[in-house]
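A.B. asks: For reference, the sequence and a predicted model appear below.
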Amino acid sequence: MSTILVTGASSGMGKETAKRLLRDGHTVYAAARRLDQMQDLQAMGAIALKMDITQDDDIVATVQTITAGHGGVDVLINNAGFGMYGSVEETSMADARYQFEVNLFGMARLTQLLLPAMRKKGAGKIVNLSSMGGKIYTPLGAWYHATKHAIEGWSDCLRIELAPFGIDVVIIEPGIIATEFGNVLLNPMLKRSGQGPYKALAQGMAKGTRDSYGKPGAASPPSVVVDAIVEAIAARKPRTRYAVGKLARPMILLRKFFGDRVFDKAIMSQVA
């Protein structure tokens, strides 16, 4: 059994991943800002840690606790993240930087601090939660997609750097998953762009998001992502990428094989 850290474990895919790993008998550290939201994980045997992924002191403290308790981790699951939508023109640079702090820089810092122990053991797995949004794009999602595209490139470089040390790097690319994602992005998006020159686009995106996440069967359950993570952890030689969940593979392939102009028309037809 392995020692595993799951970030963003207070809800959604992170919580479901932690639960599955606990049931499988692993030692699980569950980290998130909302410690009170992880009481169920603690009851199952998880070691819950309060960690804001944007705060370096919190990240350092988390690594120190894990190092003291188990000497490091065998598997790091970088799941913490959120989606921030709004037009480029109407989104403040402070908000844009925060999106990068949560989705990329915090993950990178945590990975840096946990790598020495992995290198010393000559083994380990790093699982980074990207999105189909790391390969495609949607209206008003410039900063969110920028972070996910960055995760893709960052992870590819990291995979090559760490291969000589026996450490695998895996990217998970979820499609539409039944989590808080849609609800979290809606109100801030409408606040930024729902009344100005991008009003029509914002209203169209809001309707599309509600349809994607609200209609029965429109979104895949978090279990499809958990299954991919568990498969990657168990594999002797995991795939570099796992695209899972509603629309993930079709949307990625649509852009890849038909090009940007066709994809532009297809994506805009859903928000018109």
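C.D. replies: Great, that's in hand. Residues are numbered from 1 along each chain as shown.
A.B. asks: what are the ranges of the helices in the stretch 151-272 of the chain?
C.D. replies: In the stretch 151-272 of the chain, helices defined by DSSP state H, counting those that start in this stretch lie at 181-193, 199-214, 223-234, 248-268, listed in chain order.
A.B. asks: helices or strands up against the third one?
C.D. replies: Helices and strands in packing contact with helix 223-234 are listed as helix 12-23, strand 124-129, strand 167-174, strand 241-244; criterion 3 or more CB pairs under 8 Å, 6 or more residues apart in numbering; DSSP states H and E. (C-beta placed from N, C-alpha, C; glycine too.)
A.B. asks: Quick check: buried residues in it?
C.D. replies: Of the residues in helix 223-234, 223-226, 228-230, 232-233 count as buried by neighbour count, 16 or more other CB atoms under 10 Å.
A.B. asks: cool, and the longest one?
C.D. replies: Neighbour counts over helix 248-268 (16+ other CB under 10 Å) mark 248, 251-252, 254-255, 263, 267 as buried.
A.B. asks: same check, this time on stretch 16-30
C.D. replies: 16-22, 26-30.
A.B. asks: Just name the closest of these to D156, please.
C.D. replies: T17 (22.4 Å; CB to CB).
A.B. asks: just to revisit the earlier point, any chance of the helices of the stretch 151-272 of the chain in a markdown table, with mean pLDDT and distance to I47 too?
C.D. replies: Formatted as a markdown table, these follow (pLDDT from 0 to 100; distance: least, CB to CB, whole Å):
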| stretch | mean pLDDT | distance to I47 |
| --- | --- | --- |
| helix 181-193 | 91 | 26 |
| helix 199-214 | 91 | 31 |
| helix 223-234 | 98 | 18 |
| helix 248-268 | 97 | 31 |
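A.B. asks: Nearest to Q112, out of those?
C.D. replies: helix 223-234 (21.1 Å).
A.B. asks: How far off centre is that closest one?
C.D. replies: 14 Å (CA atoms, centre = their mean, to the nearest Å).
A.B. asks: Check stretch 98-113 too.
C.D. replies: The answer for stretch 98-113 is 11 Å, by CA atoms, centre = their mean.
A.B. asks: Residues touching it, excluding its own?
C.D. replies: 7, 53-54, 56, 59-60, 62-63, 76, 78, 80-82, 84, 126, 128, 143-144, 146-148, 150-151, 154, 158 (CB atoms under 8 Å, 6 or more residues apart in numbering).
A.B. asks: Quote the end-to-end distance of that stretch.
C.D. replies: Stretch 98-113 has an end-to-end distance of 21 Å (criterion: CA to CA, to the nearest Å).
A.B. asks: List the buried residues for it?
C.D. replies: Buried-residue list, stretch 98-113, by 16+ other CB under 10 Å: 99-107, 109-111, 113.
A.B. asks: check contacts around E89.
C.D. replies: Counted by CB under 8 Å, 6+ apart, E89 has contacts 197-198.
A.B. asks: How about the secondary structure of it?
C.D. replies: coil (DSSP: H, G, I helix; E, B strand; the rest coil).
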